[in-house]
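> Next come a sequence and a model predicted from it.
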Amino acid sequence: MIEADGLVRRFASRPALDGLSLTLRAGDCLALIGPNGAGKTTLLRVIAGLLRPDGGAISVGGHRYPEARQAARPLIGYLGHDPLVYLDLTASQNLELYADLYGVPSGRVLAWLERVGLLARAYDPVRTFSRGMVQRLALARLLLHEPRLLLLDEPFSGLDAAGGELLEGVLRGLGGERGLVLVTHDMAIAARHATRVMGLRRGVAAFEMEGPVGHADLAARYAEVIS
Amino acid sequence: MIETGPGRSIAIWGTLTAVLSAAAILGAFLVAPEDADQGVIQRIFYFHVAIALTSMVAFAVAFVAGVLYLRNRDRRFDEVGVVSVGLGLLFSALTVLTGSIWAKASWGIWWQWSDPRLVTYAIVVLLYMAYFMLRSSVDGERQGRYSAIFAVVAFASVPLSFYAVRVAQSFIHPVVFTQSGANMPNTMLIWFVVSQVAMLSLFVTLLKLELLQRRTDRALNELKLRLESVRPL
Amino acid sequence: MTLGARQFRALLLKDLRLELRTRQTAIAMILFAVVAMMAFQFGFGFRVDDTTPLAGGILWATLALTAVLGVGRSFVPEREQRVLDGLLLAPVSRSLLLAARAASVFAYMLVVEVITVPLVTVFFVQDPAATDFALIALVCVTANLGIAILGSLLAAMAVFTRARELLLPVLFLPALLPVIIASAGATHAVLGVSDDMPEYNGYILFLLVYAVIFALVAYATYDYVFDD
């Protein structure tokens, strides 16, 4: 689903990505771990089509960037640090907007609100929501268009107990045709969900581990290579 | 090591500029016949038109550089763009200045709102100063991108500004506009051409000089960075 | 409904809903326009007996300044609440984002014009004719096109800059000067005792050319505004 080769991206002459290559197949759940500034968020944003690399090539779902970026967008679901919802619109108005933008049936709006436990507050402005509720709405936004590739940047932070359970359920039920790239600094989460792990340091892959990875092994490898 | 190429090319252009400018100045002030109506001050017109046209050439260069930058994201196009706009702005300001002096000599007043060319250049100065304001409030890669976009917008505004003033004046003073300089004897025309070529040559020289300066600055910075990363202190 | 039309409608609906909920932009623009008109009157309207010849100019100088103010509200909720990524992640063409934003600006300008044009005739015009309003309405529509398109492009860039409230007028107003010249001219041509139709038509044509040129410029460059 993702073929990236030699990605380079600089910010004010400091390279956030320095020749990073990555392949992701359908069914893979890749965990990205690494210290701050290693390039994890930058990489995710490049894959999401929000950032253009200064060098290297990437294609997602068979669509080459940057020419075919727009074609790849319906396949991608991105959850970053911001929930990407309008505070002054209601929960359902927010989801209706995204349903229209992605061209999916508007019937899904209420279905997803129910799934994330916000149906009772569907017609309240998001400004009145608690942080956990906003994050749950963000989850609904993420999954509304049923993306095949999920890009999650520290998704468990800010989720309340209900939200955390929801997300766990989603991650467990992903299935063989979906792909997942999960940025996290919590190795327990990585161990629980990942089928592959990539450790990033200074914009390149410092190590890779295949197959489901045990927490202890992962922590050891991380300490050895990165710390 | 430092190539001799760029230095030599600039030396050639510089010499050409010096020769042409000398010829233009001598020709305009000593050889060309004096204008019966306006006297000596009219001679400034030789340079006024040349400077004005050169500034437009500079902005056209910035326009093209902007388009090319958007397509390739090559920093060198951004450099050409910003230097061209800077030179174009300088030449435009001089155009307004020389135009005002000439207006005082011809019509007795320092400013003439009904002259579409003078007014257009005043607007042009504002537009391209805005270009620099935009640049100074954006950082990084976006600076090049937004400068390129605005160079395109500004260049499109120039003919629109000119025609707006012209059309308005044609309704306010429905008198046929005399294009001075269109029917002039060859003895005058030749010095127009010489000073035009001299100004264009000056533009090219200054452009190359400034680009070389920037390139060496960049090379120096890159060297510094490389040294620092090899031997961190 | 095609996807593009659905997206366009959704974006407009979003802006309308946000405006209704927060009620900030339209009212502020109208108040600003009224005060600006008074400023012009106190500045030079006092000096003449018949302000009719000044009316077109006062109207369009006011509307140009109001446009700069209004356009500066573009993308403010997206910026303040960090929602812009949501729009950019979706498979929406950047040109459509621009078109939707321009449509919003166009609508805001119309709302302001519906209030200010009658006010200008009340304040400054001695014998307004009914046909004048229809003709001025056409001026408004054609001028709004260029204002909306160019304004949206520049405002989108201004989102990512420092000192954007100061920068946008500096970027926008010099490029708007031809619109002021032409719109004021067209308005002036019909507000007098007799309607000078050739003059009016000339200016309207100019406004259309202006809109077309900037539509082309915006279409060619809008992709690059958000393409980090």
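Thanks, I have the structure now.
> Spell out which parts of chain A neighbour chain B.
Residues of chain A lying close to chain B (Cβ under 8 Å from any Cβ of the partner chain) are A:11, A:12, A:13, A:54. Yep, even glycine has a C-beta here, placed from its N, CA and C like the rest.
> Can you flag the buried ones in the residues you listed?
Buried members of the residues of chain A next to chain B, counted by 16 or more other Cβ atoms under 10 Å in any protein chain shown: none.
> Give me the subset of those residues lying in strands.
Mapping these onto strands (DSSP state E) picks out residue A:11.
> Check chain A for the residue nearest chain B and tell me.
residue A:12 (5.8 Å; Cβ to the nearest Cβ).
> can I assume that residue is in contact with residue B:140?
Yes. Residue A:12 lies in contact with residue B:140 (Cβ atoms under 8 Å); the separation is 5.8 Å.
> What is the burial count for residue 220?
Since no chain was named, I'll use chain A. Residue A:220 has 11 neighbours, counted by other Cβ atoms under 10 Å in any protein chain shown.
> could you do chain C instead?
14.
> Which strand or helix spans residue A:23?
Residue A:23 belongs to strand A:14-24 when assigned by DSSP states H and E.
> give me the element the closest residue to residue B:143 other than its chain neighbours is part of.
Distance criterion Cβ to Cβ, 6 or more residues apart in numbering or on different chains; nearest residue to residue B:143, sequence neighbours excluded, is residue B:135 at 5.7 Å. Using DSSP H and E, residue B:135 sits in helix B:116-136.
> Need the residues that contact that helix.
Here helix B:116-136 makes contact (Cβ atoms under 8 Å, 6 or more residues apart in numbering or on different chains) with B:52, B:55, B:59, B:82, B:85-86, B:88-89, B:92-93, B:95-96, B:99-100, B:103, B:111-113, B:143, B:146-147, B:150-151, B:154, B:157-158, B:161-162, B:165-166, B:169, C:157, C:161, C:167, C:170-171, C:174-175, C:177.
> Can you select the buried ones from those residues in ChimeraX?
Applying 16+ other Cβ under 10 Å to the contacts of helix B:116-136, the buried members can be selected in ChimeraX as follows:
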select /B:52,55,59,82,85,86,88,89,92,93,95,96,99,100,103,112,143,146,147,150,151,154,157,158,161,162,165,166,169 /C:157,161,167,170,171,174,175,177
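> Looking at residue 150 now. What's its pLDDT?
Defaulting to chain A. Per-residue pLDDT puts residue A:150 at 93.
> Correction: the question concerned chain C.
Looking at residue C:150, its pLDDT is 96.
> On the three-state scheme, it is what?
For residue C:150, the secondary-structure state derived from DSSP: H, G, I helix; E, B strand; the rest coil is helix.
> The helix or strand of chain C with the lowest mean pLDDT and chain A in contact?
In chain C, the helix or strand scored least confidently by mean pLDDT, DSSP states H and E is helix C:76-80, which has a mean of 81. Yes. Looking at helix C:76-80 against chain A by Cβ under 8 Å from any Cβ, the contacts come from residue C:77.
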